[in-house]
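[1] Got a sequence here, can you model it:
(one chain, ligands or ions: 1)
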Amino acid sequence: MINRYTVIGQPIAHSLSPVVHQLFGELTQRRIHYTRTEASPETFAQTVIDWQRSGAQGCNVTAPFKELAVEVCERLSPNARRAGSVNTIHMHRDGKRVGHNTDGLGLVADIVVNQRRPLESKRVLLLGAGGAARGVMAPLLAKQPALLHVANRTASKAEQLASLFEDLGPVSGGGFEQLDGEPVFDVIINATTVSMNGGMPPLPDGIASHHSLAYDMTYGRQDTPFMSWSKSCGATACNGLGMLVEQAAESFLIWEGVRPKTRMAFPRLRELLS
Ligand code: ATR
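    Residues are numbered from 1 along each chain as shown. As a prediction, the model looks like this:
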């Protein structure tokens, strides 16, 4: 039997998820078939239900449907409930659609394991307060940083997001202008959508230095302006390719019961991206 999966989004044509999961299938010797599915906000829920009725085992959900996916699921993992968004749906044997969010685990795995940057007792800055930022808050705080500070164009949204998670650790929020005069951060994560439009948040140079890691959650062939800025401050910069691969590995683990050795997938993916 071939287990079937898909990624649902809009647009979806450029998603790398099918390539990543097919590669995981080869690496773990699992017979899987993984496709892309386009939906609209009006058709999303029915698309998931139809996919389940066709006998498929699960699906990934990407922009702009991660919040809508919460409503489609009959059970939620603690991570998905906290994040208020679902990126992985498991069609359980008992017939229920179970929602998970593996984005934060993927980000943390990439930072801690692949980039070898422990987060414990570190100063971490998260840029943005939308769905992508919210999805990674709990897994970041689980690593016990000294501080997780959220900075956003709309300061009130950063403050609200911080207050939603204050039971999990030392977290604060504010506007970009409040970063002036802040000491250096060990890790700076860009979870705004501004890289997609070729821009970057207004950041003071003093917050990044040669020992900082600057992490852009988007990925592409070229450095984003945020990555270029951080390199000009002497920091190490990386894009979100590793997060894509690691969140996919967490999804694969939920569906197939085995976590692929992601290290083996990177050379092939870099080749495909170049
Ligand atoms: P996602 O689900 O990808 O997080 P989102 O929920 O629309 O998308 O959130 C987009 C984030 O990018 C927000 O933090 C937004 O800031 P605001 O809350 O002030 O809107 C941020 N963002 C978008 N465009 C931006 C820009 N030009 N400069 C700075 N931040 C920007």
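[2] give me the number of residues near the closest residue to the ligand within the stretch 101-250 of the chain?
    Nearest residue of the stretch 101-250 of the chain to the ligand (C-beta to the nearest ligand atom) works out as Gly130 at 2.0 Å. C-beta: built from backbone N, CA, C; applies to glycine. Using other C-beta atoms under 10 Å, Gly130 has 14 other residues around it.
[3] thinking Gln247 is in contact with His100, fair?
    No. Using C-beta atoms under 8 Å, Gln247 is not in contact with His100, being 10.1 Å away.
[4] what do these two both touch?
    Common contact partners of Gln247 and His100 (C-beta atoms under 8 Å, 6 or more residues apart in numbering): Asn87.
[5] State whether Gly99 is indeed within a strand.
    Yes. Counting by DSSP: H, G, I helix; E, B strand; the rest coil, one finds Gly99 located in a strand.
[6] And the pLDDT for Tyr219?
    With respect to pLDDT, Tyr219 scores 86.
[7] For it, the count of nearby residues, please.
    18.
[8] the strands in the stretch 1-150 of the chain, which residues?
    3-9, 32-38, 58-61, 75-76, 88-91, 97-100, 123-127, 147-152 (DSSP state E, counting those that start in this stretch).
[9] out of those, nearest to Asp167?
    Among the strands of the stretch 1-150 of the chain, strand 147-152 comes nearest to Asp167, with 12.8 Å by C-beta to C-beta.
[10] and the angle from the closest one to strand 123-127?
    With axes from the mean of the first three to the mean of the last three C-alpha atoms, to 10 degrees applied, the angle from strand 147-152 to strand 123-127 works out at 20 degrees.
[11] Can strand 147-152 be said to contact the ligand?
    Yes. Strand 147-152 is in contact with the ligand by C-beta under 6 Å from any ligand atom, via Asn152.
[12] Now do the helix or strand just after that strand: everything it contacts.
    The helix or strand immediately downstream of strand 147-152 is helix 155-164, counting by DSSP states H and E. By C-beta under 8 Å, 6+ apart, the residues outside helix 155-164 that reach it are 129-130, 133-134, 137, 148-152, 171-175, 178.
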